[in-house]
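Peer 1: generate a structure from the sequence data that follows.
(one chain, ligands or ions: 1)
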Amino acid sequence: MPAAGMLADARRRAPAGSAPLPTGEHAQSGDELEAGNKGWYVCAACGRRLAREDWVLDAGSQGPLVFANPHGRFFELLLVTHVVGGAFDQHATTEFTWFSGFAWRIGTCVGCRSHIGWHFEATHAGALREFVALSRGAVTLSRSE
Ligand SMILES: [Zn+2]
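Peer 2: Numbering: from 1, shown residues only. Purely as a prediction, here's the structure:
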């Protein structure tokens, strides 16, 4: 099946029940930093723009995405196609991954180095190659333009 068809297929079937997987694709607009009247998710610590509101992935509307890390700390996640203003570790790992089939790297704000979330990349070919899970507690939605 062609890749485009797989994407469309994945989008139609919202995950139900188990860990929801986002079904998105990258916006590929050259002026995506400037465009529109959408809000931005910004770093809660320094206000740096991280992800536009319309980059948020539909994760199946199963309620909040809450995951615990191995230390027992809970995070509510906001999944987006990608971020600007984020720096991610060089090495990805599948250890303790929250999304089966995806390796993760920890990410920080390039403005203030606060932890903002994690980048996830597929370990095998599939419809969805990568996405970013922002920690809701680390970002604020800003509409002031
Ligand atoms: Zn910051």
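
Peer 1: show me where the chain has helices.
Peer 2: 3-12 (DSSP state H).

Peer 1: can you list the residues of it near the ion?
Peer 2: Residues of the chain lying close to the ion (CB under 5 Å from the ion) are 43, 45-46, 48, 109, 111-112, 114. (Glycine included, C-beta is placed from N, CA and C.)

Peer 1: among the residues you listed, name the buried ones.
Peer 2: 43, 45, 48, 109, 111 (16 or more other CB atoms under 10 Å).

Peer 1: ok, the first one to Glu130 distance?
Peer 2: Yep, that's Cys43 we're talking about. Distance, Cys43 to Glu130, using CB to CB, to the nearest Å: 21 Å.

Peer 1: same check on the fourth one?
Peer 2: Applying CB to CB, one obtains 19 Å for the distance of Cys109 from Glu130.

Peer 1: thinking again about what came up before, in strands only, show me the buried ones among the residues of the chain next to the ion.
Peer 2: 43, 109 (DSSP state E).

Peer 1: residue ranges with poor pLDDT in the chain?
Peer 2: Within the chain, the set of residues satisfying pLDDT under 70 comprises 1-37, 59-62, 144-145.

Peer 1: make it 50
Peer 2: Residues of the chain that meet the criterion pLDDT under 50 lie in 1-18, 20, 25-32.

Peer 1: which stretches of it form strands?
Peer 2: Under DSSP E, the chain gives strands at 40-43, 49-52, 65-68, 74-80, 86-88, 102-109, 115-122, 130-135, 139-142.

Peer 1: how about these in TSV, adding distance to Phe96?
Peer 2: Shown next, in TSV, are the strands of the chain (distance: least, CB to CB, whole Å):
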stretch	distance to Phe96
strand 40-43	25
strand 49-52	24
strand 65-68	10
strand 74-80	12
strand 86-88	17
strand 102-109	8
strand 115-122	11
strand 130-135	13
strand 139-142	22
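
Peer 1: and Asp58, which of the ones you listed is closest to it?
Peer 2: strand 74-80 (8.6 Å; CB to CB).

Peer 1: distance between that closest one and the chain's centre?
Peer 2: 8 Å (CA atoms, centre = their mean, to the nearest Å).

Peer 1: perfect, that will be all.
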